[in-house]
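S.K.: After the sequence you'll find the predicted model.
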Amino acid sequence: MKNTTIFRFYFLLFNLFLLMAMPGRALAQNAATGFRLLEEDRVEEAAILFQGLLAADPLDVAANYGMSLVHGSVWYAGRDPFAAYEHAQTAHTYFFLLDEREERRLSEQLDAERVNLRKNIAEAELYERVLASRDSTALERFVSSCVLSRYHASATEELARRRRELAEAQERRRQESLRQEQAARAEAMDQQLEAMRALTLVLGISNNFSPEQRVAHQRWATSVWGLSMENPDALFFRASGARRQVALTFDDGPDATYTAQILDILAREGAAGSFFILGANAERHPDLVRRMHREGHLVLNHSYDHPRLTELAPWQVRDQVERAERVVERLIGLRPALFRPPYGALDQATLDAIGQTGAKTVCWSVDTFDWNQAGPRVLEIGRQARPGDVVLMHCKASTVEALPEMIRALKRSGYELVGLDELLGLPAYKPLRAR
Ligand SMILES: [Zn+2]
């Protein structure tokens, strides 16, 4: 009995050394183990364990709990139930203390988590508000002040995205306004160019023009220029090639006095002429029409009796073209394929009606204004003409007077005087009808 007690003492001492190194945190767990040993009636092992706990952290509640159990169990082993009971009572108290401490720890942990949760919710709400705001200053503030927020990275990214978008939108606006500016400038230049072209489309000016006539002439040139741009295959003014050729055209014949004289001059000077005749005049002077054709000039269509076609219905325009055409066909067996509207009066509907008869419309690019000129200014054409020009003249006294010198001047300038068909590369007559 005595030996056993000594053995127990040394065994306890040995375990005391072993348990010295045990960290304070493990005490509660070890106390629970000790308690289980007691329940299994392994009293001595429990005593050793609890003794060790006491040594590891004497101030710990769990240690005191264990210590009381040790004392209780030791006394119980020594068969002193009353003393053992007292120690068991103390252990019981410590057990509750232990329990209470755990509860407090848990509740503190819970409180901390609750605070954390509230903080997270507040932060999430703030971030949501910041994102919802279209104004990026709130987002900027969030990025610069909430550096530790778990939304910081995504907020930074969002801010960068918004800044990128803003920069892109600004760039797009800048490009668009630049484009509009350029388009406006190009359009203004186009208009200027267009106006310049319209003014140079038809060379020649009368020295006898009233201001009203001058304005009317420019207005006409501008409007038919636009029409020719839209109908490049139906309306012609001059040849675009660089060949040094000019076509002389004579309108409104044949007449009793001047047409024959013009034909004489052309024959003498060796020049080709293109006559835009009126059907009614051709009926009156059929021999002159035949002579034009016989002497190698072109007999072309200038309507039946010189109405302003833009004031007529399309069927009337077609009738004017076709009546004159029938007269010419009766006289020379050919139907003119080139038509010149009286006064140069044209609009889209008129041009379309002329086209429906199978004829092309030809205006002119040099106006001698032989019907409205003071003095011999018609001669200047020799110096003004450009390659491909179509010169407008009429069967008139002033033309007869000026024509010889004009032809010589053109020839001196190196021009070849050709028919309109050769100049424009268009057939002068329609295909022969199949019989
Ligand atoms: Zn005419």
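M.R.: Great, that's in hand.
S.K.: partners of the longest strand along the chain in the sheet?
M.R.: Of all the elements of type strand in the chain, the one with the most residues (DSSP state E) is strand 245-251. Sheet pairing for strand 245-251, assigned by DSSP bridges, gives strand 273-277 (parallel), strand 390-394 (parallel), strand 416-417 (parallel).
S.K.: low-confidence ranges in this protein?
M.R.: For the chain, applying pLDDT under 70 flags the ranges 1-28, 31, 51-60, 62-63, 194-200, 205, 373-383, 435.
S.K.: hmm, back to that, okay if I get the strands paired with strand 245-251 as CSV plus distance to Arg150?
M.R.: All C-beta atoms are positioned from the backbone trio N, CA, C, and that covers glycine. Converted to CSV, the strands paired with strand 245-251 look like this (distance: least, CB to CB, whole Å):
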stretch, distance to Arg150
strand 273-277, 92
strand 390-394, 85
strand 416-417, 92
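S.K.: For Leu126, which residues are in contact?
M.R.: Applying CB atoms under 8 Å, 6 or more residues apart in numbering, one finds that Leu126 lies in contact with Phe142, Cys146.
S.K.: repeat that with 10 Å
M.R.: Leu126 sits next to Ala138, Phe142, Cys146, Ser149, Tyr151 when contact means CB atoms under 10 Å, 6 or more residues apart in numbering.
S.K.: for Thr357, same thing?
M.R.: Asn301, Val317, Arg318, Asp319, Gln320, Val321, Glu322, Glu325, Arg335, Ala337, Phe339, Lys430.
S.K.: Restrict the residues you listed to the buried ones and give me that as a PyMOL selection.
M.R.: Filtering these down to the buried ones (16 or more other CB atoms under 10 Å) takes a single PyMOL command:
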select buried, resi 301+317+318+319+320+321+322+325+335+337+339+430
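S.K.: any chance of the contacts of Thr357 in CSV, plus secondary structure and distance to the ion?
M.R.: Putting these into CSV (DSSP: H, G, I helix; E, B strand; the rest coil; distance: CB to the ion, whole Å) gives the following:
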residue, secondary structure, distance to the ion
Asn301, strand, 11
Val317, helix, 15
Arg318, helix, 19
Asp319, helix, 18
Gln320, helix, 12
Val321, helix, 14
Glu322, helix, 18
Glu325, helix, 16
Arg335, coil, 20
Ala337, coil, 19
Phe339, strand, 12
Lys430, coil, 21
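S.K.: The chain - how does it break down into domains?
M.R.: As assigned by automatic domain parsing, the chain contains the domains 2-111, 211-424.
S.K.: mind checking how far whichever residue of the stretch 1-150 of the chain sits closest to the ion is from Ala91?
M.R.: Going by CB to the ion, the ion is nearest to Arg134 of the stretch 1-150 of the chain, at 71.6 Å. Note on Arg134: its distance to Ala91, by CB to CB, to the nearest Å, is 68 Å.
S.K.: Those two - which one has more neighbours?
M.R.: Between Arg134 and Ala91, counted using other CB atoms under 10 Å, the more crowded position is Ala91 (24 against 7).
S.K.: what's the distance between the residue lying closest to that one once chain neighbours are set aside and Glu100?
M.R.: Nearest residue to Ala91 in three dimensions, chain neighbours excluded: Ser68, at 3.6 Å (CB to CB, 6 or more residues apart in numbering). Here Ser68 is placed at a distance of 16 Å from Glu100 (CB to CB).
S.K.: More neighbours: which of those two?
M.R.: Set Ser68 next to Glu100 and count neighbours by other CB under 10 Å: Ser68 wins out with 22 against 11.
S.K.: Convert the helix or strand where that one lies to CSV, retaining C-alpha atoms only.
M.R.: Assigned by DSSP states H and E, Ser68 falls within helix 61-77. Taking Å, rounded to 0.1, in the frame of the first residue of the first chain, the C-alpha atoms of helix 61-77 are listed here in CSV:
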residue,chain,number,x,y,z
VAL,A,61,-10.2,28.2,-15.0
ALA,A,62,-9.9,24.9,-16.7
ALA,A,63,-6.7,24.2,-14.7
ASN,A,64,-8.5,25.0,-11.5
TYR,A,65,-11.4,22.8,-12.6
GLY,A,66,-8.9,20.0,-13.3
MET,A,67,-7.1,20.6,-10.0
SER,A,68,-10.3,20.2,-8.0
LEU,A,69,-11.1,17.0,-9.9
VAL,A,70,-7.6,15.7,-9.2
HIS,A,71,-7.9,16.5,-5.5
GLY,A,72,-11.4,14.9,-5.5
SER,A,73,-10.2,11.8,-7.2
VAL,A,74,-7.1,11.5,-5.1
TRP,A,75,-9.2,11.8,-1.9
TYR,A,76,-11.6,9.4,-3.4
ALA,A,77,-8.8,7.0,-4.1
